[in-house]
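Sequence and predicted structure below; questions after.
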Amino acid sequence: MTVFYRRLPRFRYVAPARIEEAIKFLAENGTQALPMAGGTDLIPNLKRREISPPAFVVDLKSLPGLEEISYDPKEGLRIGALATIRSISRFGPVGEMFPSLLQAASCMASPQVRNRGTFVGNICSAIPSADSAPPLLTMNAIVHVQGVEGKRTVALKDFFTGPGQTDLKRSEIVTSLRVPRPPDRSVYLKLSTRHSMDLAIVGVAASAALRDGRFTEIRIALGAVAPTPIRAVRAEEVLRDRPISAPLIEEAARAASAECRPIDDHRASASYRRDMVYVLTRRALQQVLAA
């Protein structure tokens, strides 16, 4: 499909020095101001006129402290709002304890975009095919938000409200993601035309803990097959605390395929996506077992 880009529309560029200043400016200007972190979604969307041109673009890159990534054994992983996809993939504890996040980071866009784009921006764009969303959902990620009314937290499963829509208010900024230490094993599988340059046709993440031949913890999340990234809760129920077997894996994969809600578009048909949810869920569970 050919994509035509226009020149950027005219807007005023604002670079606040403190987060309170950024929040105040967004609150005062409402729909006329848009925040920008990496800009890898915002700038192309403005060029394609997929969003209404704002009067102001508020660049958050100069805000101190938001680029940090840290890990604490009790609190888990903290990903700052300005931490780039590349920096996340190179942070040691991510590869050691959060392999599905590393897999997601490694298959997102091009190296140039990974050097600029952020996980938080990927979440805030709220596209159904966001690669970071399924693994973060399986890890019960928490979104930290700050606005004129103070700070609050939102479970990622409640953060997405529709395609391109989130629980964020106009005056609020996501400051970080917190990812509790996950179960022992996790995996993210992405189906796309090219490994990293294309959006996911289907994305499947799974995280699990096993004991005595059973899944004591199991979480499965799906991307690009519903209006928002979703948990496959019925598939999880099929697996939880039952003796693991090949027929059980098949049953769970069928359950995941049945509970997704894909659409037909230029990248794939709904029926193909549903079939691939079955295939990738089965494959993800097999890889979790082999880890």
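Now that the structure is in, tell me what you want to look at.

all helices of the protein, in order?
Per DSSP state H, the chain carries helices over the ranges 19-29, 42-47, 85-89, 92-97, 99-106, 111-114, 119-125, 133-138, 156-159, 233-239, 246-259, 270-290.

which one of those helices lies closest to S186?
helix 99-106 (3.9 Å; Cβ to Cβ). For glycine as for every other residue, the C-beta is placed from the backbone atoms N, C-alpha and C.

pLDDT (mean, whole number) over that closest one?
Averaging the model's pLDDT scores along helix 99-106 yields 96.

Report the backbone C-alpha coordinates of stretch 180-196 in CSV.
Taking Å, rounded to 0.1, in the frame of the first residue of the first chain, the C-alpha atoms of stretch 180-196 are listed here in CSV:
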residue,chain,number,x,y,z
PRO,A,180,6.6,-6.7,38.8
ARG,A,181,9.0,-9.6,38.6
PRO,A,182,7.3,-12.0,36.2
PRO,A,183,6.8,-15.8,36.5
ASP,A,184,9.9,-17.9,35.6
ARG,A,185,9.3,-18.1,31.9
SER,A,186,8.0,-15.7,29.2
VAL,A,187,7.9,-15.4,25.4
TYR,A,188,6.6,-13.0,22.8
LEU,A,189,5.9,-14.1,19.2
LYS,A,190,5.1,-11.7,16.4
LEU,A,191,3.8,-12.5,13.0
SER,A,192,4.6,-9.8,10.4
THR,A,193,5.6,-9.6,6.8
ARG,A,194,9.1,-8.6,7.8
HIS,A,195,10.7,-9.4,11.2
SER,A,196,10.7,-5.8,12.6
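
buried ones in that stretch?
Residues of stretch 180-196 classed as buried by neighbour count (16 or more other Cβ atoms under 10 Å): R181, P182, P183, R185, S186, V187, Y188, L189, K190, L191, S192, S196.

Let me see the contact set for the residue positioned nearest the centre of the chain.
By Cα atoms, centre = their mean, the chain has its centre lying nearest to A133, at 2.4 Å. Residues in contact with A133 (Cβ atoms under 8 Å, 6 or more residues apart in numbering) are N122, I123, L156, F160, G203, A221, G223, P229.

Share the number of residues neighbouring the second one, please.
If I follow you right, that is I123. Neighbour count for I123, taken as other Cβ atoms under 10 Å: 25.

The stretch 51-200 of the chain: strands as residue ranges?
Under the criterion DSSP state E, counting those that start in this stretch, strands of the stretch 51-200 of the chain are mapped to 56-59, 69-72, 76-80, 142-147, 150-155, 160-162, 165-166, 173-179, 185-191.

Just send those back as JSON lines, with distance to Y272 and mean pLDDT too.
Shown next, in JSON lines, are the strands of the stretch 51-200 of the chain (distance: least, Cβ to Cβ, whole Å; pLDDT from 0 to 100):
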{"stretch": "strand 56-59", "distance to Y272": "38", "mean pLDDT": "97"}
{"stretch": "strand 69-72", "distance to Y272": "36", "mean pLDDT": "96"}
{"stretch": "strand 76-80", "distance to Y272": "33", "mean pLDDT": "97"}
{"stretch": "strand 142-147", "distance to Y272": "32", "mean pLDDT": "98"}
{"stretch": "strand 150-155", "distance to Y272": "31", "mean pLDDT": "98"}
{"stretch": "strand 160-162", "distance to Y272": "23", "mean pLDDT": "97"}
{"stretch": "strand 165-166", "distance to Y272": "26", "mean pLDDT": "96"}
{"stretch": "strand 173-179", "distance to Y272": "31", "mean pLDDT": "98"}
{"stretch": "strand 185-191", "distance to Y272": "10", "mean pLDDT": "97"}
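
Tabulate those in CSV, adding columns for distance to R267.
Shown next, in CSV, are the strands of the stretch 51-200 of the chain (distance: least, Cβ to Cβ, whole Å):
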stretch, distance to R267
strand 56-59, 29
strand 69-72, 32
strand 76-80, 28
strand 142-147, 28
strand 150-155, 29
strand 160-162, 20
strand 165-166, 21
strand 173-179, 27
strand 185-191, 10
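
buried stuff in stretch 32-51?
By 16+ other Cβ under 10 Å, the buried positions in stretch 32-51 come out as A33, L34, P35, M36, A37, G38, G39, T40, D41, L42, L46.

Just give me how far it sits from the chain centre.
Centroid displacement of stretch 32-51 relative to its chain, using Cα atoms, centre = their mean, to the nearest Å, is 18 Å.
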